[in-house]
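A.B. asks: take this sequence and fold it.
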Amino acid sequence: MGELTEKIKGNTNEAIGNVKQESGNSETRAEGRAQERKGEAQQIKGEVEGALGNDV
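C.D. replies: Okay, the predicted model is just below:
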């Protein structure tokens, strides 16, 4: 269950981050890059949890 949750959170953060990066504001673009990276990390975490099973 945690695997799916992390992947969904990761996809959401990546999507929001990509939208923020299209902003004209440099601070918002930086937030978007950080949020996209967070989403990528959540995706990896979900993949690891899936590989290890429910023991994590």
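A.B. asks: can you show me the helices along the chain?
C.D. replies: Along the chain, the stretches classed as helices by DSSP state H are 2-21, 26-52.
A.B. asks: using a markdown table, lay out the ones you listed together with mean neighbour count.
C.D. replies: To be clear about C-beta, it is placed using only N, CA and C from the backbone, and glycine gets the same treatment. Output for the helices of the chain, formatted as a markdown table (neighbours: other Cβ atoms under 10 Å):
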| stretch | mean neighbour count |
| --- | --- |
| helix 2-21 | 16 |
| helix 26-52 | 15 |
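A.B. asks: could you provide those helices in TSV, with additional columns for mean pLDDT?
C.D. replies: Below are these laid out as TSV (pLDDT from 0 to 100):
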stretch	mean pLDDT
helix 2-21	94
helix 26-52	94
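A.B. asks: who are the neighbours in contact with the spatially most central residue of the chain?
C.D. replies: Residue closest to the mean C-alpha point of the chain, counted by Cα atoms, centre = their mean, is residue 39 at 1.0 Å. With contact taken as Cβ atoms under 8 Å, 6 or more residues apart in numbering, residue 39 is in contact with 9, 10, 11, 12, 13, 14, 15, 16, 17.
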